[in-house]
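Undergrad: next input, structure requested:
(chains A, B, C and D)
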There are 4 protein chains.
Amino acid sequence: MSEPFIHTVKVSWGDCDPARIAYTGRIPNWCLDAINAFLDHHIGGGWYFQEIDHDMGMPFVSMSLDFRAPVTPRHPLDCEVWPERLGTTSVTFRVVGRQDGTLCFEGSFVEVFIQASTFTKQPPPDRVRSLLEPLVRG
Amino acid sequence: MSEPFIHTVKVSWGDCDPARIAYTGRIPNWCLDAINAFLDHHIGGGWYFQEIDHDMGMPFVSMSLDFRAPVTPRHPLDCEVWPERLGTTSVTFRVVGRQDGTLCFEGSFVEVFIQASTFTKQPPPDRVRSLLEPLVRG
Amino acid sequence: MSEPFIHTVKVSWGDCDPARIAYTGRIPNWCLDAINAFLDHHIGGGWYFQEIDHDMGMPFVSMSLDFRAPVTPRHPLDCEVWPERLGTTSVTFRVVGRQDGTLCFEGSFVEVFIQASTFTKQPPPDRVRSLLEPLVRG
Amino acid sequence: MSEPFIHTVKVSWGDCDPARIAYTGRIPNWCLDAINAFLDHHIGGGWYFQEIDHDMGMPFVSMSLDFRAPVTPRHPLDCEVWPERLGTTSVTFRVVGRQDGTLCFEGSFVEVFIQASTFTKQPPPDRVRSLLEPLVRG
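TA: Numbers count the residues shown, from 1 in each chain, chains lettered A, B, ... in the order given. The predicted structure follows:
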């Protein structure tokens, strides 16, 4: 079994709203950054590299998030990422955010694989599937 | 029946990613802006005013979004907002984004009502409930 | 003499930091949005249209900003924009932000004109120069 | 002489615009994040901690930035930060951004020290001055 992948965020003053906690709108962005970092680590490049160097796009078709506890600058924000389902032409990522051991948010994010130049859906190349498949867990 | 509430966004170059469409992370932020604008219009002030002038907070407990078509700068982005459910201590908003008649995204966003100074859940004041209730639709 | 061009921003809860005023990092972004809106209004399209439809890029080479008074959600933020200098291959925009008559910030932003496909500096086409030139003021 | 302070940013797909380089508006935000990280490292907490735990605010009065080369996701973005001037009630930070040895941007950012609860200018406490002073260089 592989190591958990953790993308750590330094939450800042500018991420917080007048309630002194991270603004809700920041959280999906951190999740996306975490997924991009996961891809960079595990398939040899994030979305930028897949799109520009490999003509593979990965647009999102849905996201859902539950917010469990406020996020603040008082601790690092650890975002754990893994693929929870790999379909024929899509992948679902799970992202779980924790600070100092407390669950702050969790969500699922579905991307489809496309040929970037034509914006048409297609199965991911073997290169990508073979790297993601062993990392899938429910 | 009340008029639909539409919050219109001018999508810009800086909102777009190298695929030449709005970056996914911008979309939940536009939805939040649209909900805030709805509250500003219908209950006499957005979150800033509710928190600071009325000691009422409205933190989010969940969001879910489906992305139906890309968003681009080529047309205004019209975000329609309405409350689809008003519970004892929570409200669910529906946000539907359209460009030039095309459905681009749709989502649901659940907020709870709290006393801001103590961060404890409580029913919204009558002032708020009486204004939101007639606007609820499924 | 032409009408002043004003781009109005609805400042939201999520734009504010725990000091209950707009976060500094939001302000250059609003200035850029205002310049883009000015171009959209005056030269028939913002950066997205110039780049994609006309192969003209306008990267920034510098910006400077003075912050005069806090920005809050309590009033609309009116951003006035005009070109203060039009050089052979560059243009300098002035942006002045005001709320309820109070000067909040002012800044200058220098862009160069490039051919987008080659990223090489070049004078703007006559189409652009002839539209911008009459709007220049110090 | 102290070690240079470097705040490293992972530039992502979502930071880039359709020209495939980081959007201009992202750069001042990275500079602010870098200054906040510098304060966190050198004076025992960034703006959030100074404001909330020590009643010291540090609003910005100006910023100026020169953009020297495009920023992309292809290399880490190293932001070096140091104080270049410490006045009676203000501090000027220099931020220099580099990727793979190339100078990408450089800028100066002036903050004043205030008592957060009253929003009035005041000299920084000795605690802060004594930590910043030895780090000042031109």
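Undergrad: show me where pLDDT drops low in chain A?
TA: Low-confidence segments of chain A, defined by pLDDT under 70: A:1.
Undergrad: element containing the most centrally placed residue in it, please.
TA: The structure's chain A has its C-alpha centroid closest to A:Ile35; by CA atoms, centre = their mean the separation is 2.2 Å. Using DSSP states H and E, the element containing A:Ile35 is helix A:26-42.
Undergrad: next, the angle helix B:26-42 makes with that helix.
TA: 180 degrees (axes from the mean of the first three to the mean of the last three CA atoms, to 10 degrees).
Undergrad: so is helix A:26-42 next to chain B?
TA: Yes: judged by CB under 8 Å from any CB of the partner chain, helix A:26-42 and chain B are in contact via A:28-29, A:32. C-beta coordinates here come from the backbone N, C-alpha and C atoms, glycine included.
Undergrad: for those residues, which single residue is the most surrounded?
TA: Within the residues of helix A:26-42 next to chain B, neighbour counts (other CB atoms under 10 Å in any protein chain shown) peak at A:Pro28, which reaches 26 neighbours.
Undergrad: contacts only, for the nearest residue to that one once chain neighbours are set aside.
TA: Among residues not flanking A:Pro28 along the chain, B:Pro28 sits closest, at 4.6 Å (CB to CB, 6 or more residues apart in numbering or on different chains). Contact analysis of B:Pro28 by CB atoms under 8 Å, 6 or more residues apart in numbering or on different chains lists A:24-25, A:28, A:63, B:63, B:65, B:107.
Undergrad: which residues does the residue of chain A lying at maximal distance from its centre contact?
TA: In chain A, counting by CA atoms, centre = their mean, A:Pro18 sits farthest out from the average C-alpha position, at 27.1 Å. Counting by CB under 8 Å, 6+ apart, A:Pro18 touches B:48, B:51-52, C:13, C:16-18, C:20.
Undergrad: could you do A:Cys31 as well?
TA: By CB under 8 Å, 6+ apart, the contact list for A:Cys31 reads A:63, A:65, A:79, A:95, A:97, A:105, A:107, A:109.
Undergrad: and whichever strand or helix holds the last one, which residues are buried?
TA: Under the criterion of DSSP H and E, A:Phe109 resides in strand A:102-112. Along strand A:102-112, the positions that meet the burial threshold by neighbour count (16 or more other CB atoms under 10 Å in any protein chain shown) are A:104-112.
Undergrad: parallel or antiparallel, which strands does the following helix or strand past it pair with?
TA: Toward the C-terminus, strand A:102-112 is succeeded by strand A:114-115 as the next helix or strand (DSSP H and E). Partner strands for strand A:114-115, per DSSP bridges, with pairing direction: strand A:56-57 (antiparallel), strand A:120-121 (antiparallel).
Undergrad: the helix or strand just after the first one to strand B:102-112, inter-axis angle?
TA: Downstream of strand A:56-57, the first helix or strand assigned by DSSP H and E is strand A:60-67. Orientation check (the same axes, to 10 degrees): strand A:60-67 against strand B:102-112 gives 10 degrees.
Undergrad: helices and strands around strand A:60-67, which ones?
TA: helix A:26-42, strand A:102-112, strand B:60-67 (3 or more CB pairs under 8 Å, 6 or more residues apart in numbering or on different chains; DSSP states H and E).
Undergrad: helix B:26-42 and the next helix or strand after the shortest one, what's the angle between them?
TA: So that's strand B:60-67. Counting by DSSP H and E, the next helix or strand C-terminal to strand B:60-67 is strand B:77-86. If you take the same axes, to 10 degrees, strand B:77-86 sits at 70 degrees to helix B:26-42.
Undergrad: in its sheet, what does the helix or strand following strand B:77-86 sit against?
TA: Using DSSP H and E, the helix or strand that follows strand B:77-86 in sequence is strand B:90-99. Strand pairing for strand B:90-99, using DSSP bridges, gives strand B:77-86 (antiparallel), strand B:102-112 (antiparallel).
Undergrad: next, report how far strand B:90-99 is displaced from the centre of its chain.
TA: 6 Å (CA atoms, centre = their mean, to the nearest Å).
Undergrad: tell me the one of the residues of helix A:26-42 next to chain B nearest D:His42?
TA: Distance to D:His42, by CB to CB, is smallest for A:Asn29 among these, at 27.5 Å.
Undergrad: wait, that closest one sits on D:Gly14?
TA: Yes: counting by CB atoms under 8 Å, A:Asn29 does reach D:Gly14; the two are 7.2 Å apart.
Undergrad: which residues are in contact with both of those two?
TA: Common neighbours of A:Asn29 and D:Gly14, counting by CB under 8 Å, 6+ apart, are B:Gly25.
Undergrad: thinking again about what came up before, of the contacts of A:Pro18, keep whichever come out buried.
TA: Buried among the contacts of A:Pro18 (16+ other CB under 10 Å): B:48, B:51-52, C:13, C:16-18.
Undergrad: make a markdown table out of these and add distance to D:His75.
TA: Listed next are the buried ones among the contacts of A:Pro18 as a markdown table, based on distance: CB to CB, whole Å:
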| residue | distance to D:His75 |
| --- | --- |
| B:Tyr48 | 39 |
| B:Glu51 | 41 |
| B:Ile52 | 43 |
| C:Trp13 | 36 |
| C:Cys16 | 34 |
| C:Asp17 | 30 |
| C:Pro18 | 33 |
